[in-house]
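Asker: Okay, here's the prediction I keep looking at, along with the sequence it came from:
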Amino acid sequence: MKSRKMQSRGFTLIELLVVVLIIGILAAVAVPQYFKVVEKGRVAEVTAYIGDIRGAEERYALRASAYTTDANTLDVTVPAFKYFSNTATIVGTSLTGGWQVTFTRTATGSPPAYGGYTVIFNSLTGNYSSNVAAAITDLLPQ
């Protein structure tokens with residue numbers, strides 16, 4: 001009898017299919033989370049500026065006894081936003097009524113879950129809101 005010198009090597013088709021299936025499941029979970037983290041970073045661009053506006057509005061109100069609707073009269077530099085419209089819409093000028101600022105994100109380059117949305121900050125409540133429910137729960141500070 002001859003001894004068998006050659007042993008079979010490699011993976012079976014079933015083993016390869018199982019590996020591909022596992023990678024597919026991991027990708028299906030990881031890709032949406034990746035887009036969520038990327039979009040959260042984009043929102044951080046305006047939340048940082050809203051913090052600047054918040055302090056500048058309070059300083060302006062101390063000097064003028066009212067809030068301003070013109071971001072150019074504040075003592076902060078308006079940055080060139082990369083992902084949001086370059087205009088901050090500030091409304092509400094009375095000291096009792098507070099102020100509100102709105103930034104608009106276009107749908108270009110956004111994950112389909114969010115599309116175009118707005119980020120709104122209200123000074124009276126200190127809360128962020130949006131016109132898209134998924135953006136409120138996933139992206140904005142609570």
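Answerer: Now that the structure is in, tell me what you want to look at. Since the structure is predicted, the reported quantities are computational estimates derived from the model, not experimental observations. Numbering: from 1, shown residues only.
Asker: so what's residue 62 up against?
Answerer: Residues near residue 62 by Cβ atoms under 8 Å, 6 or more residues apart in numbering: none. For the C-beta atoms, the positions are set from N, CA and C on the backbone; glycine is no exception.
Asker: and it, helix, strand or coil?
Answerer: Three-state call for residue 62 (DSSP: H, G, I helix; E, B strand; the rest coil): helix.
Asker: List of residues touching the helix or strand bottoming out on mean pLDDT in the chain?
Answerer: Lowest on mean pLDDT, DSSP states H and E among the helices and strands of the chain sits strand 89-91, with a mean of 85. Identification of contacts with strand 89-91 by Cβ under 8 Å, 6+ apart yields 53, 57, 67, 68, 69, 70, 71, 99, 100, 101, 102, 103.
Asker: May I see the ChimeraX selection of the buried members of those?
Answerer: Only the buried entries of the contacts of strand 89-91 go into this ChimeraX selection, using 16 or more other Cβ atoms under 10 Å:
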select :53,57,67,68,71,99,100,101,102,103
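Asker: In CSV, list the contacts of strand 89-91 along with pLDDT.
Answerer: Compiled in CSV, those are given as follows (pLDDT from 0 to 100):
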residue, pLDDT
53, 90
57, 90
67, 87
68, 86
69, 84
70, 83
71, 80
99, 88
100, 89
101, 89
102, 90
103, 91
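Asker: Brilliant, that's me finished.
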